[in-house]
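Enquirer: pasting the structure only:
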Ligand SMILES: Nc1ncnc2c1ncn2[C@@H]1O[C@H](COP(=O)(O)OP(=O)(O)OP(=O)(O)O)[C@@H](O)[C@H]1O
Ligand SMILES: Nc1ncnc2c1ncn2[C@@H]1O[C@H](COP(=O)(O)OP(=O)(O)OP(=O)(O)O)[C@@H](O)[C@H]1O
Ligand code: SF4
Ligand SMILES: [Mg+2]
Ligand SMILES: [Mg+2]
């Protein structure tokens, strides 16, 4: 599409030659219940993956499988129980000073899952969008207003002037969601953690927003971790797709392959249940009655075993390892044979 | 089937200091007992405003300026706030679009169930409440363990499911759900909808379901209404609307879905911008973006919603009344 740009981008990746983000053995546990009889929720277990600059990875998985928790750890909003996160080859320390924090926010921005609670109800849209520009000294004087208008227009909030003085509650759900996106884009970060950023948008505006994000990836090299339940959207946006189940990564590989030829039985179930716009929107019939996993009492073996149509003896004995079965393609399932 | 809800020429909007927003424009809809009506439409076109207006929850500066909302023959618009409070949860319930944060953050889930039920259940029967709360959570596929939890300890999709369970607690005859499953994966989503659907058939309550997920509606709704710029522009049986969309906006919407399979390729949304709801134009609100718009006709008169085929209503100049889809 943009050969010059992509050559330049390639060169940039080559010259840095290491990863933007490296996640090593990351886990998060929570406690729930009353004192004395608390239970441990294993929300994210032993997650490993790497992200290149300018890459888009979609994180897809069951409701409650730990996607938001993982994103919040990367975004320095939750302290991991175990494991490390490296940004540009530097481990993010447990505690950041105010200055380090500011620097971190300049590089990593989060789009929260719930646009209703992530905007301060007392601040106007104009204020919300101009603040990051001022805090990070990205614009001064009249340039601030101009940039705010540009951001609103990019996100389809047109005429922009009409939104500047509004308060969040004066906007519809999808309009608020776009303000949250515009706020993350405002600082031109290196990485955006986007937690269901398009869930409240109609399909047409959803396409516009995804295109905007892809344009910014191509023009500015922004990377995204794109959390979504929309498999077609994940395929559209992402270079790679990661599938999570019960806090574990269960499949990871290039989008085209994960979508067209999923290998893990849970991914196959997801694909079966997903609508396929190209062949009539109607999804296939799947058994949806089965139990979702209890994160306070995970089994010794594969967490999907109790629902899995392909379950074998090996699955029940111990947690299957996350194996690289072909170059850059990972699956957590002993029933999937390695590709040469 | 008999009619449960009749919305007649409803007009509602927001009067702010700067301008007036015409968010619901002369909407008429009818819902039978036990019917499942899906509403889809552009972001910002007035769907939530419609839901609030029906349930009497439209707050200042929002207001209803015309029309009727007849629930079993009684006009809800004429009810006092106290009367409406009495009816809420019991006769109708609303799962709001902000459902992820309507739960009280400092109260465990159990208490929220007790509170909702206690309003209309004088008998302070802890045993009944407990059983019912567990039953409701299981209905939405959440372990009763989470009755102990506080809202912040639940994932986004779990919070949405708790709110759905609360809306069903007192078995109202009308349940309105505004984007209730945006945070649920397809498997869980369809599981819950099937549960709700079975319950609906058993208890014969009606549902208005607002969503951007047309595929979900095609699968589960009886009827689908498409909104654009505060108006209902098309309404038909779910499968008919899907296979045979008449309105150019509906058609364009259907073409905006990226395909699931195959190679990745760029596509584009509907050209142009969503309309500004502070302005009322004389013609069709979709005219500026419509590939089939006819200057001199479409920009002069706003088409009314007419039945152009059996039970298929559309508001578009391309379809004269009773015509056999000639275009
Ligand atoms: N602050 C918390 N305290 C206790 N438990 C938590 C907390 N946050 C999340 N959990 C639990 O961790 C698990 C994973 O939650 P998470 O929000 O990461 O899921 P998710 O994949 O984002 O789901 P969804 O798609 O529904 O948003 C859930 O079982 C949830 O109950
Ligand atoms: N309190 C308010 N004051 C002024 N304008 C408002 C207010 N609430 C909503 N609006 C405007 O009314 C219009 C309709 O909003 P509504 O929330 O009904 O849209 P919606 O169809 O539900 O959209 P979405 O799919 O994005 O949730 C929007 O353009 C919105 O900006
Ligand atoms: S590891 Fe075993 S149980 Fe788990 S998904 Fe694979 S085959 Fe099924
Ligand atoms: Mg989440
Ligand atoms: Mg809405």
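Expert: All right, it came through fine. Keep in mind it's a predicted model, so treat the numbers as computed, not measured. Ligands and ions are numbered 1, 2, ... in the order given.
Enquirer: whichever helix or strand residue B:235 is part of: what's the following helix or strand?
Expert: Using DSSP states H and E, residue B:235 sits within strand B:231-237. Next along the chain after strand B:231-237, taking DSSP H and E as the criterion, comes helix B:238-243.
Enquirer: give me the sheet partners of the strand holding residue B:235 and which way each runs.
Expert: Next to strand B:231-237 in the sheet, as set by DSSP bridges, lie strand B:223-228 (antiparallel), strand B:312-314 (antiparallel).
Enquirer: out of these, which gets nearest to ligand 1?
Expert: Proximity to ligand 1, assessed across the strands paired with strand B:231-237 by CB to the nearest ligand atom, is greatest for strand B:223-228 (25.8 Å). C-beta: built from backbone N, CA, C; applies to glycine.
Enquirer: mean confidence (pLDDT) on that closest one, please.
Expert: The predicted model assigns strand B:223-228 a mean pLDDT of 98.
Enquirer: so is that strand next to ligand 5?
Expert: No. Using CB under 5 Å from the ion, strand B:223-228 stays clear of ligand 5, coming no nearer than 10.5 Å.
Enquirer: list the buried residues of that strand.
Expert: B:223, B:224, B:225, B:226, B:227, B:228 (16 or more other CB atoms under 10 Å in any protein chain shown).
Enquirer: residue contacts, residue 62?
Expert: I'll assume chain A. A:244, A:245, A:246, A:266, A:292, B:185, B:187, B:188 (CB atoms under 8 Å, 6 or more residues apart in numbering or on different chains).
Enquirer: think we crossed wires, I meant chain B
Expert: Per CB under 8 Å, 6+ apart, neighbours of residue B:62: B:12, B:13, B:14, B:23, B:49, B:52, B:53.
Enquirer: show me what it bridges to in the sheet.
Expert: As for beta bridges, residue B:62 partners with residue B:14 under DSSP bridges.
Enquirer: now do residue A:26
Expert: Going by DSSP bridges, residue A:26 forms beta bridges with residue A:47.
Enquirer: tell me the centre residue of chain B?
Expert: For chain B, the residue sitting closest to the mean C-alpha position, by CA atoms, centre = their mean, is residue B:210 at 2.7 Å.
Enquirer: ramachandran angles for that one?
Expert: Dihedral pair for residue B:210: phi -100, psi 130, per degrees, to the nearest 10.
Enquirer: next, the contact list for it, please.
Expert: Residue B:210 touches B:38, B:39, B:40, B:47, B:48, B:51, B:97, B:176, B:177, B:178, B:179, counting by CB under 8 Å, 6+ apart.
Enquirer: which stretches in chain A count as strands?
Expert: In chain A, the strands defined using DSSP state E lie at A:21-32, A:39-51, A:56-61, A:82-87, A:90-91, A:108-111, A:191-195, A:223-227, A:240-245, A:248-254, A:323-326, A:329-331.
Enquirer: now do the third one: distance to the chain's middle.
Expert: Its chain's C-alpha centre and that of strand A:56-61 lie 5 Å apart, by CA atoms, centre = their mean, to the nearest Å.
Enquirer: that strand vs ligand 4: in contact?
Expert: No. Counting by CB under 5 Å from the ion, ligand 4 is not contacted by strand A:56-61; separation bottoms out at 9.3 Å.
Enquirer: what angle separates that strand from strand A:39-51?
Expert: Between strand A:56-61 and strand A:39-51, the angle comes out at 160 degrees (axes from the mean of the first three to the mean of the last three CA atoms, to 10 degrees).
Enquirer: just confirm yes or no for strand A:56-61 near chain B.
Expert: Yes. Using CB under 8 Å from any CB of the partner chain, strand A:56-61 reaches chain B at A:60, A:61.
Enquirer: which other helices and strands contact that strand?
Expert: Contacts defined by 3 or more CB pairs under 8 Å, 6 or more residues apart in numbering or on different chains; DSSP states H and E place strand A:56-61 against helix A:67-74, helix A:203-220, strand A:223-227, helix A:231-237, strand A:240-245.
Enquirer: and stretch B:52-62, end to end?
Expert: End-to-end distance of stretch B:52-62: 9 Å, with CA to CA, to the nearest Å as the criterion.
Enquirer: give the buried residues for it.
Expert: Buried residues in stretch B:52-62 (16+ other CB under 10 Å): B:52, B:53, B:54, B:55, B:56, B:58, B:62.
Enquirer: how about the nearest residue to residue B:84, chain neighbours excluded?
Expert: residue B:56 (4.3 Å; CB to CB, 6 or more residues apart in numbering or on different chains).
Enquirer: low-confidence regions, chain B specifically.
Expert: B:1, B:122-124, B:321-327 (pLDDT under 70).
Enquirer: ok and the residue in it nearest ligand 3?
Expert: Closest to ligand 3 within chain B is residue B:187: 14.3 Å, counting by CB to the nearest ligand atom.
Enquirer: give the contact list for that residue.
Expert: A:62, A:269, A:270, A:273, A:286, A:288 are the contacts of residue B:187 under CB under 8 Å, 6+ apart.
Enquirer: got the residues you listed as JSON lines, with pLDDT columns?
Expert: Shown next, in JSON lines, are the contacts of residue B:187 (pLDDT from 0 to 100):
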{"residue": "A:62", "pLDDT": "92"}
{"residue": "A:269", "pLDDT": "93"}
{"residue": "A:270", "pLDDT": "93"}
{"residue": "A:273", "pLDDT": "87"}
{"residue": "A:286", "pLDDT": "70"}
{"residue": "A:288", "pLDDT": "65"}
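Enquirer: could you dump those residues to CSV with distance to ligand 4?
Expert: Below are those laid out as CSV (distance: CB to the ion, whole Å):
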residue, distance to ligand 4
A:62, 10
A:269, 19
A:270, 16
A:273, 19
A:286, 22
A:288, 20
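Enquirer: tell me the one of the residues you listed nearest residue B:282?
Expert: Nearest to residue B:282, judged by CB to CB, of the contacts of residue B:187 is residue A:273 at 45.6 Å.
Enquirer: that closest one: neighbouring residues, count only.
Expert: 21 (other CB atoms under 10 Å in any protein chain shown).
Enquirer: quick one: it from ligand 1, how far?
Expert: 15 Å (CB to the nearest ligand atom, to the nearest Å).
Enquirer: wait, that residue touches residue B:186, no?
Expert: Yes. Judged on CB atoms under 8 Å, residue A:273 makes contact with residue B:186 at a distance of 4.4 Å.
Enquirer: and the helices in the stretch 151-300 of chain B?
Expert: When assigned using DSSP state H, counting those that start in this stretch, the helices of the stretch 151-300 of chain B occupy the ranges B:156-168, B:186-203, B:214-220, B:238-243, B:248-254.
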